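Chemist: Okay, sequence plus prediction incoming.
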Amino acid sequence: MLDWTDRFYRRFARELSQHTWLYTEMVNTGAILHGDPQRHLRFDPVEYPVALQLGGSEPADLARCAKIAEDWGYDEVNLNVGCPSERVQSGSFGACLMLEPGLVADGVKAMRDACQIDVTVKHRIGIDKIEEYSFVRDFVGQIAEAGCSTFIVHARNAILKGLSPKENREIPPLKYDYAYQLKRDFPQLEIIINGGITTLTQSLEHLQYVDGVMVGREAYHNPWLLTGVDAAIYGQAQREQSRRGAIENLRGFIEAELAGGTPLRFIARHILGLFQGQYGARQWRRMLSDATLLKNADWQLIEQALQQIEHSQGQRETSQSEQ
């Protein structure tokens with residue numbers, strides 16, 4: 001979720017669900033240690049529970065970043081060993097690390113020794129043409145011996161050469177049974193399943209076999225999905241929510257960011273999917289992605305977009321009633 005689940009999206013997501021765990025985009029250890037920590041680590045306390053996802057392979061660097069994550073107040077630090085991007089591979093981290101389980105284990109142990117918060121690992125089920133279940137079973141077993149007790153399993157192989165990251169999310173077949181088998185083989189571990197999950201119904205079905213479900217791009221493109229999570233997954237009473245209300249609840253946050261110099265486009269791009277599947281959604285997206293309109297824009301542009309979509313929906317309802 002590079003460039004997707006930044007602090008602006010996470011703040012928006014928390015408005016829709018109060019209990020879903022939120023993960024940062026993957027942040028390279030070098031960016032934290034040698035770049036701008038404020039840019040990469042800053043988050044709103046409203047986001048809790050929140051996890052920092054790291055990319056890296058050097059145990060000492062991972063340990064330092066895990067301690068920094070703890071000091072910043074994150075609930076969890078997650079090591080990404082599942083990203084197939086060639087940009088990530090060039091830095092010797094991501095999915096290619098599944099071929100070096102000993103190095104991953106060393107990193108996990110170093111991280112656990114450096115901090116008290118949970119250290120988790122996100123990974124694929126295989127690499128390239130390595131498709132046997134025994135590969136991911138042995139990988140999980142070795143990393144578990146290093147002290148990791150939570151594994152987020154993207155139930156596809158990672159193809160390191162020849163497929164783009166997008167194709168890697170679509171072409172390798174999903175093998176949910178591998179994740180289910182991991183839970184049977186390692187009942188003491190927390191196994192969270194990921195990959196191709198787009199509905200709460202699917203999530204509930206998976207939860208019969210594993211401990212948790214991670215939803216990525218569907219929660220981004222269709223964020224209203226999150227409004228059902230607290231009731232369906234966490235057993236909370238269903239809250240009365242509206243799409244306008246969710247955005248209006250963000251007004252104080254948005255105006256504070258604008259006052260601090262954040263351009264509205266940094267925030268607006270993350271709310272484009274709010275009306276996914278609703279009449280007028282195209283107008284909403286068009287207004288909030290128009291570079292000309294966004295230039296020097298403030299809250300009023302969002303209000304105008306809300307009014308436009310409500311006007312369109314009102315006209316449609318009137319037309320239907322006349323028929």
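Modeler: It's in.

Chemist: Would you mark the buried spots in stretch 285-292?
Modeler: 285, 287, 288 (16 or more other CB atoms under 10 Å). Any C-beta I mention is one placed from the backbone N, CA and C, and that applies to glycine too.

Chemist: no wait, stretch 26-41
Modeler: For stretch 26-41, by 16+ other CB under 10 Å, it's 26, 27, 28, 29, 31, 32, 40, 41.

Chemist: Report the buried residues of the biggest helix by length in the chain.
Modeler: When the chain is parsed with DSSP state H, its longest helix is helix 299-322. The neighbour-count check on helix 299-322 (16+ other CB under 10 Å) flags 299, 301, 302, 305, 306, 309, 312 as buried.

Chemist: Can you pick out the most distant pair from those?
Modeler: 299 and 312 (20.5 Å; CB to CB).

Chemist: Save the buried residues of stretch 285-292 as JSON lines, and put in pLDDT too.
Modeler: Output for the buried residues of stretch 285-292, formatted as JSON lines (pLDDT from 0 to 100):
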{"residue": "285", "pLDDT": "96"}
{"residue": "287", "pLDDT": "96"}
{"residue": "288", "pLDDT": "97"}
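
Chemist: TSV for those residues, including secondary structure?
Modeler: Below are the buried residues of stretch 285-292 laid out as TSV (DSSP: H, G, I helix; E, B strand; the rest coil):
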residue	secondary structure
285	helix
287	helix
288	helix
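
Chemist: Just the closest of those to residue 69, please.
Modeler: For these, the nearest to residue 69 is residue 288 (32.0 Å; CB to CB).

Chemist: which ones are touching that closest one?
Modeler: 268, 269, 271, 272, 294, 301, 302, 305 (CB atoms under 8 Å, 6 or more residues apart in numbering).

Chemist: cool, residue 267 as well?
Modeler: Counted by CB under 8 Å, 6+ apart, residue 267 has contacts 8, 12, 254, 257.

Chemist: Out of those residues, which two are the most distant from each other?
Modeler: 12 and 257 (11.7 Å).

Chemist: Between the two, which is the more surrounded one?
Modeler: residue 12 (23 against 18; other CB atoms under 10 Å).

Chemist: Show the low-confidence segments of the stretch 51-200 of the chain, by residue range.
Modeler: 86-92 (pLDDT under 70).

Chemist: in it, which spans are strands?
Modeler: 76-81, 118-123, 126-127, 150-154, 157-158, 190-194 (DSSP state E, counting those that start in this stretch).

Chemist: looking at those, which is closest to residue 264?
Modeler: strand 76-81 (29.9 Å).

Chemist: Now do the closest one against strand 150-154, angle only.
Modeler: Interaxial angle of strand 76-81 relative to strand 150-154 (axes from the mean of the first three to the mean of the last three CA atoms, to 10 degrees): 40 degrees.

Chemist: So what touches strand 76-81?
Modeler: Under CB under 8 Å, 6+ apart, the answer for strand 76-81 is 21, 23, 26, 49-56, 62, 65-66, 69-70, 93-95, 97-98, 104, 107-108, 111, 115, 117-124, 152.

Chemist: isn't residue 233 right up against residue 200?
Modeler: Yes: Residue 233 is in contact with residue 200 according to CB atoms under 8 Å; the separation is 7.4 Å.

Chemist: so where is the stretch 201-323 of the chain shaky, pLDDT-wise?
Modeler: In the stretch 201-323 of the chain (pLDDT under 70), the answer is 319-323.

Chemist: Show me the domain layout of this structure.
Modeler: The chain breaks down into these structural domains: 7-232, 243-322 (assignment by automatic domain parsing).
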